[in-house]
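Chemist: Sequence first, predicted model second:
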Amino acid sequence: MNAPVDHQTLITPAHPKALASGQFKVTARDVDVYYGEKQAIKKLSIDIPDRAVSAFIGPSGCGKSTFLRCINRMNDTIPTCKVTGLIDVDKRDIYDPNIDVVQLRAKVGMVFQKPNPFPKSIFENVAYGPRIHGLAAGKTELDEIVEKSLRKAGLWEEVKDRLAQPGTGLSGGQQQRLCIARAIAVNPEVILMDEPCSALDPIATAKIEELIDELRQNYCIVIVTHSMQQAARVSQLTAFFHLGTLVEYGDTNEMFTAPQEKRTQDYITGRFG
Amino acid sequence: MSEHIVKSYDEDLSQLRTMLAQMGGLVEQQLDDAIDALTRRDTALADRVIQNDERVDVLEREIEEKAILTIARRQPVARDLREIMVAIRVSSDLERIGDLAKNTAKRTHAMSDQLPRKLMVGVTRMGRLAQVEVKNILDAYSRSDADLAMEVWRADEDLDALYNSIFRELLTYMMEDPRNISLCTHLLFGAKNMERVGDHATNIAENIYYLVHGKPLSEGRPKKDVTSGMRVDIEGSDDR
């Protein structure tokens, strides 16, 4: 991973420290993404390990969010968007026509930039997913799932006495944790986060980061962030995207002290035009 | 390296570099004066070196403050971060070199009334050699030239070798005439000071290597100071 990498070739994080407990959860080979005529991602190949946080960084328009959205086929909702190449989650091609996209999105959950709770109660926000996926046999079981998810999201103590109140009445940071609880409730294996803290204050941000750090024990987490410091703080691996290509992907510690590629260096040190 | 988008960040870093260049220049001068003072037994010059050490200390503190402030304000990463960490370390090595110059200057007083000049030659030579090392390492630092830094790093062996021979030489003078002991002891400390100056120069060399390459120098430095194991056998001592 330390050797200068060619974005056209396979990039495998070979650092044993970061990969101690996991294997590759998501693999992509030669992925091209087009929005109409415009190519947003060019020949991207990457192996993302399980039970680790991978941060995607890069200037606006570099394709990092686009690629993130490919991992749970969120881009299907954009009519002009065309994805080619291979993306596997747990060695299953997720663009296989036989795959159930609803199931895929339960397995690969997503948290967005702006907290977007449903206009329903706190309880319903979390219970909705497990109910439609038939994960709970009865009311008691559903209650358990809701409590467990809210606990994992570090929100239970703050909301246990007002589960019936609307989720939209919570503070921004609480809403974001509610969205994380909602994602967790359907037993995902991969959690994608698209700038989850960009609308939050530093304290709420710290709580989410603490949460991400706990969640990585059990999930494969991919986070897109514009904050270099956040990438440095929360991730074990960092991928730097530029102009639709993956420039460098490797151990976060090395990425922020001695990156291999000049473009990475220029970007993270604030030298990019 | 190209410029930061935020121009004041570049100014912070260039100020830090300027301060280090200033400190480097001052320390070089201090070392030069200390060696001159000792060689010529010029106590007035020695006093000036002692006084000026305060300025070196002040500069070190200022550099440290500037570095800490820059870290707090800019959250530097990658090469910028290394640049700042290395600046802190280099300034602390320079401060130690300043202390060693001061200590050497102090010894001028102790030997000003004693004359045998031939005893001075070795120490003066060491001083000059150490001075060249310091000058070259400061050049290497200001140009971020890791190759030049490594040359200095390797050249420190010569200084160690010279120190070993001076150590032996001074021992023989002490054996010749016990009245030399006081002077020779001071000279021995002077020589040791210069050997230490060389060690600090090699520290700086290692830091330049880290600055440029982003990883610490892995090979161990050839250390040729063997005086810690040296002993004197006075002729015929076994019989007594």
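Modeler: Perfect, thanks for sending it.

Chemist: show me where chain B has helices.
Modeler: B:7-40, B:43-74, B:78-111, B:120-142, B:146-176, B:181-213 (DSSP state H).

Chemist: Can you spell out which helices and strands pack onto the third one?
Modeler: What it means is helix B:78-111. Judged by 3 or more C-beta pairs under 8 Å, 6 or more residues apart in numbering or on different chains; DSSP states H and E, the packing partners of helix B:78-111 are helix A:252-257, helix A:262-268, helix B:7-40, helix B:43-74, helix B:120-142, helix B:181-213. No exception for glycine: its C-beta is placed from N, CA and C like everyone else's.

Chemist: Same check on the last one?
Modeler: In terms of contact count using 3+ C-beta pairs under 8 Å, 6+ apart, helix B:181-213 is assigned the packing partners helix B:78-111, helix B:120-142, helix B:146-176.

Chemist: In three-state terms, label residue A:203 for me.
Modeler: helix (DSSP: H, G, I helix; E, B strand; the rest coil).

Chemist: Could you tell me which residues make contact with it?
Modeler: Neighbour list for residue A:203: residue A:173 [criterion: C-beta atoms under 8 Å, 6 or more residues apart in numbering or on different chains].

Chemist: How about residue B:155?
Modeler: Here residue B:155 is in contact with B:133, B:136 (C-beta under 8 Å, 6+ apart).

Chemist: same question, residue B:46
Modeler: B:34, B:37-38, B:105-106, B:108-109.

Chemist: Filter those down to the buried ones, PyMOL style.
Modeler: Buried members of these, defined by 16 or more other C-beta atoms under 10 Å in any protein chain shown, are picked up in PyMOL with:
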select buried, chain B and resi 34+37+38+105+106+108
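
Chemist: Save the contacts of residue B:46 as JSON lines, and put in distance to residue A:264 too.
Modeler: Listed next are these as JSON lines, based on distance: C-beta to C-beta, whole Å:
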{"residue": "B:34", "distance to residue A:264": "46"}
{"residue": "B:37", "distance to residue A:264": "51"}
{"residue": "B:38", "distance to residue A:264": "51"}
{"residue": "B:105", "distance to residue A:264": "48"}
{"residue": "B:106", "distance to residue A:264": "50"}
{"residue": "B:108", "distance to residue A:264": "54"}
{"residue": "B:109", "distance to residue A:264": "57"}
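
Chemist: Looking at the helices and strands packed on helix B:78-111, which is nearest to residue A:139?
Modeler: Across the helices and strands packed on helix B:78-111, the minimum distance to residue A:139, taken as C-beta to C-beta, is reached by helix A:252-257, at 43.4 Å.

Chemist: Only alpha carbons, please: show that closest one as CSV.
Modeler: Output in CSV follows, covering the C-alpha atoms of helix A:252-257 (Å, rounded to 0.1, in the frame of the first residue of the first chain):
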residue,chain,number,x,y,z
THR,A,252,-5.1,6.5,7.8
ASN,A,253,-2.1,7.0,10.1
GLU,A,254,0.3,6.9,7.2
MET,A,255,-2.0,8.9,5.0
PHE,A,256,-2.0,11.8,7.3
THR,A,257,1.7,11.8,8.2
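
Chemist: that older thread, export the helices and strands packed on helix B:78-111 to TSV and tack on distance to residue A:195 and mean pLDDT?
Modeler: Below are these laid out as TSV (distance: least, C-beta to C-beta, whole Å; pLDDT from 0 to 100):
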stretch	distance to residue A:195	mean pLDDT
helix A:252-257	17	89
helix A:262-268	16	90
helix B:7-40	24	94
helix B:43-74	22	96
helix B:120-142	40	94
helix B:181-213	33	94
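
Chemist: Kindly reformat the ones you listed as JSON lines containing distance to residue B:92.
Modeler: JSON lines is the format used below for the helices and strands packed on helix B:78-111 (distance: least, C-beta to C-beta, whole Å):
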{"stretch": "helix A:252-257", "distance to residue B:92": "20"}
{"stretch": "helix A:262-268", "distance to residue B:92": "26"}
{"stretch": "helix B:7-40", "distance to residue B:92": "11"}
{"stretch": "helix B:43-74", "distance to residue B:92": "7"}
{"stretch": "helix B:120-142", "distance to residue B:92": "14"}
{"stretch": "helix B:181-213", "distance to residue B:92": "9"}
